[in-house]
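*Asks:* coords please:
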Amino acid sequence: MAESVGEVPSGEKEFEELTSKVRNIIEFPEIDEKEFDEMIKKASRGYGDPLPHRTYSICPETRRVVPALVWEKYGKVWITKKCPEGMITDVYYESVEQYYRFQRWKYDFKLMSFNVENSGVNCPFDCGLCARHRSHTNLLNIVLTNRCNLSCWYCFFYAKEGQPIYEPTLEQIRMMLRNAKKEYPIGANAVQFTGGEPTLRDDLVEIIKIAKEEGYDHVQLNTDGIRLAFEPELVKKIREAGVNTLYLSYDGMTPKTNWKNHWEIPLIFENVRKAGGPGIVLVPTTIRNVNDHELGAIINFGLNHLDIVRGVNFQPISQVGRVPKKERQRFRITIPGAISRIEEQTNGEIAMDDWYPIPIAGHIARFFEAFAGKRYYMTSHFACGAATYVFLDREKKRVVPIPRFIDVDGFVEYLESKIEEVQKWKHLGKLQKLKLGAEIFLKFKSFYDEKYAPEGLDVLGLIKNAFMHGNYDALGKFHQKTLFLGMMHFMDEYNYDVERVERCVIHYAMPDGRIVPFCTFNVIPELYRDKVQAQFSYTWEEWKALHPDWDYKKDKYFRTKEFVEKMRKSELYRKTYTDIENYFG
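*Replies:* Next up is the predicted model:
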């Protein structure tokens, strides 16, 4: 079995083994140009309106904006676009029922500031952010380097030997952080440092400190964790500098499905425990016929390491670049498809109805901003992402999703009905605040089912502190016994929906001052990612002159057979992977 041993891990051999057998494919329905024209005439146009729905997409061949139709057939939702070279169809959502359920919680917002003068008429080719964009930056991505210690076969982003090196200066990084803070009426408050592999930068700690100086409450490090496995002091330094979360690549439970860092994970976990943090979010790139059979096991793994693992954020694959239809049918998985796998693999313990779309947080945020004094709206398109929380009852070996004991729908509807009263919170006297908080708390109890609630977690006490005293410190305890489960499906040329990108909440900052949505930055690299980074890159010769002691091969991680054998036989490996509970039977 391929284990990326004795070489720089690339995943090529493992992928070939995993894809030697095809378990299932998605059959795409076809419609001709006449059917398309008839359907699009009758299609709805407003955001969140019923299917069939008219939107716009981009043509994979000509890169032109083209009309597109989101429509239903066989219980699934499809997107079909009319390109100059013909009709192109892909799956948009694998459950029309879940599509409509999530659509109910759409939440729109209008960003009042913009970074470019473009009108946005030619969206997504006017990005920067333009006047047409609707959502503020929930998470700002800043690429720190295109150097990487791995050589992933599918990645076009890391610098090959002899190629230009992209590495923004500290001044450029500070400028990018400040730009996102200027968004009106809500500036960015969370940043993710990414790459390449950001831990290759020697000044990483200084960069983290700059983010904290610029007022970012949440700092996230997107990493493969290799350096953190072998340099415990680095883990301690980044935690002390202000990193809240390690956004850690973790694609599966075996050396085959997780060839990137399977053998290094035990060391990463050990070093994080010794350093007292940061919290870890496991990030599996989810691919049909590759690792979709291990999604439940990955959640179970996270629950077994709940002292340091705060969440699992699945990312259904984005098939960027030219991808033949057969490959898209073979590897494409959407949010409902992944959730369905999780329901099957957890024996129904985490079900389809336990998940909610990301915009539901916008409804809740509008309510809680009155108490906390902070505005933070997650107003992505309802089809972009999903999330839930699960509680672990260790004594009973029971996993309880939050919707099993809290009527989330009823609770949010109630919050919406009280919003006008709550918005007066700042102007109320102490007794009036207590009275209003007590009223809301008592009403909340009617949405709470004690019978199904997990033991050992005083949910009512936490909520009472929040409603009656505006005290959120206790909510930190909430995360110590819960696992966040998220899912974010980034788009590609084949499922591209302009209506979605207009509401994107995850953005990239660029050294030319622009801020660009994730699904524009990566899907149209020739206009954004690659073009601008080439403009700000060092040539190979310039980089070598600035760093005379640097060598390309020193960046790379060579996994030795001796290391793998040592890890395989170690107690640490056994405690990490083998001696763990199965919470799903």
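
*Asks:* where does this structure dip in pLDDT?
*Replies:* 1-4, 365-376, 422-423, 425-426, 433, 456-457, 462-480 (pLDDT under 70).

*Asks:* centre-most residue in it?
*Replies:* The centroid of the chain falls nearest to M488 when counting by C-alpha atoms, centre = their mean (4.8 Å).

*Asks:* need phi/psi at that one.
*Replies:* phi -130, psi 120 (degrees, to the nearest 10).

*Asks:* thought it was touching Q315?
*Replies:* Yes - assessed by C-beta atoms under 8 Å, M488 is found in contact with Q315 at 5.8 Å. Where C-beta positions appear, they are placed from N, C-alpha and C, glycine not excepted.

*Asks:* who's in contact with the closest residue in space to Y528 that isn't next to it in sequence?
*Replies:* Leaving aside its sequence neighbours, Y528 sits nearest to F521 (C-beta to C-beta, 6 or more residues apart in numbering; 4.8 Å). With contact taken as C-beta atoms under 8 Å, 6 or more residues apart in numbering, F521 is in contact with 127, 141, 507-508, 528-529.

*Asks:* most neighbours among the residues you listed, please name it.
*Replies:* C127 (28 neighbours; other C-beta atoms under 10 Å).

*Asks:* which element is it on?
*Replies:* Under the criterion DSSP states H and E, no helix or strand holds C127.

*Asks:* just checking, it touches D512?
*Replies:* No - if you go by C-beta under 8 Å, C127 and D512 don't touch, sitting 11.7 Å apart.

*Asks:* tell me if E413 really is in a strand.
*Replies:* No - counting by DSSP: H, G, I helix; E, B strand; the rest coil, one finds E413 to be helix, located in no strand.

*Asks:* and it, how many residues sit next to it?
*Replies:* Neighbour number of E413 under other C-beta under 10 Å is 12.

*Asks:* that older thread, partners of the residue nearest to the centre of the chain in the sheet?
*Replies:* G385 (DSSP bridges).

*Asks:* ranges for the strands of the stretch 101-250 of the chain?
*Replies:* Remark: strands assigned in the stretch 101-250 of the chain by DSSP state E, counting those that start in this stretch are 139-143, 190-194, 218-223, 245-249.

*Asks:* show me the one of those strands that comes nearest Q172.
*Replies:* Q172 sits nearest to strand 139-143 of all the strands of the stretch 101-250 of the chain, at 9.2 Å, using C-beta to C-beta.

*Asks:* what about the residue nearest to P185 when sequence neighbours are not counted, how many neighbours?
*Replies:* Nearest residue to P185 in three dimensions, chain neighbours excluded: M112, at 5.8 Å (C-beta to C-beta, 6+ apart). A total of 11 residues lie near M112 under the criterion other C-beta under 10 Å.

*Asks:* please apply the same query to C152.
*Replies:* C152 - counted by other C-beta under 10 Å - has 19 other residues nearby.

*Asks:* please name the residues that touch the closest residue in space to it that isn't next to it in sequence.
*Replies:* Spatial nearest neighbour of C152, chain neighbours left out: G11 (5.6 Å); criterion: C-beta to C-beta, 6+ apart. Neighbouring residues of G11 by C-beta under 8 Å, 6+ apart: 4, 152-154, 259-260.

*Asks:* need the max-distance pair from those residues.
*Replies:* Maximum distance among the contacts of G11 (C-beta to C-beta): 14.2 Å, for S4 and Y154.

*Asks:* so for these two, which sits in the more crowded spot?
*Replies:* Ranked by neighbour count (other C-beta under 10 Å), S4 and Y154 place S4 first, with 25 against 13.

*Asks:* and for the chain, the residue most distant from the center?
*Replies:* L431 (41.4 Å).

*Asks:* that residue and E439, how far apart?
*Replies:* 13 Å (C-beta to C-beta, to the nearest Å).

*Asks:* again with Y573
*Replies:* Counting by C-beta to C-beta, the gap from Y573 to E439 is 53 Å.

*Asks:* which one of those two has more residues nearby?
*Replies:* The neighbour comparison of Y573 against E439 (other C-beta under 10 Å) goes to Y573, with 19 against 14.

*Asks:* report the two of the contacts of F521 separated the most.
*Replies:* Largest pairwise distance in the contacts of F521, by C-beta to C-beta, is 13.8 Å, between C127 and N141.

*Asks:* what separates the top helix by length along the chain from the chain centre, distance-wise?
*Replies:* The helix of greatest length in the chain, counted in residues with DSSP state H as the criterion, is given as helix 430-445. Per C-alpha atoms, centre = their mean, to the nearest Å, the displacement of helix 430-445 from the mean C-alpha position of its chain is 35 Å.

*Asks:* show the contacting residues for K106.
*Replies:* If you count contacts by C-beta under 8 Å, 6+ apart, then K106 has 47-48, 357, 359, 381-382 around it.

*Asks:* likewise for R328?
*Replies:* 28, 90, 319, 494.

*Asks:* and if we set it to 10 Å?
*Replies:* 25-26, 28, 88-91, 288, 317, 319, 492, 494-495 (C-beta atoms under 10 Å, 6 or more residues apart in numbering).

*Asks:* neighbour-wise, give me the winner out of those residues.
*Replies:* N495 (28 neighbours).

*Asks:* the spatially closest residue to it that is not a sequence neighbour in helix, strand or coil?
*Replies:* The shortest distance from N495 to any residue other than its chain neighbours is 4.8 Å, reached at D90 (C-beta to C-beta, 6+ apart). For D90, the secondary-structure state derived from three-state DSSP is strand.

*Asks:* who are the neighbours in contact with D90?
*Replies:* D90 touches 26, 28, 57, 78-81, 319, 323, 325, 328-329, 332, 334, 492-496, counting by C-beta under 10 Å, 6+ apart.

*Asks:* how much space is there between E33 and M39?
*Replies:* 11 Å.

*Asks:* those two: which is more packed in?
*Replies:* M39 (16 against 10).

*Asks:* host element of that one?
*Replies:* Short version: M39 belongs to helix 33-42, going by DSSP H and E.

*Asks:* so what touches that helix?
*Replies:* 31, 51-55, 67-69, 71, 80-82, 86-87, 89.

*Asks:* who wins for most neighbours among those?
*Replies:* Among the contacts of helix 33-42, A68 has more neighbours than the rest - 28 neighbours, counting by other C-beta under 10 Å.
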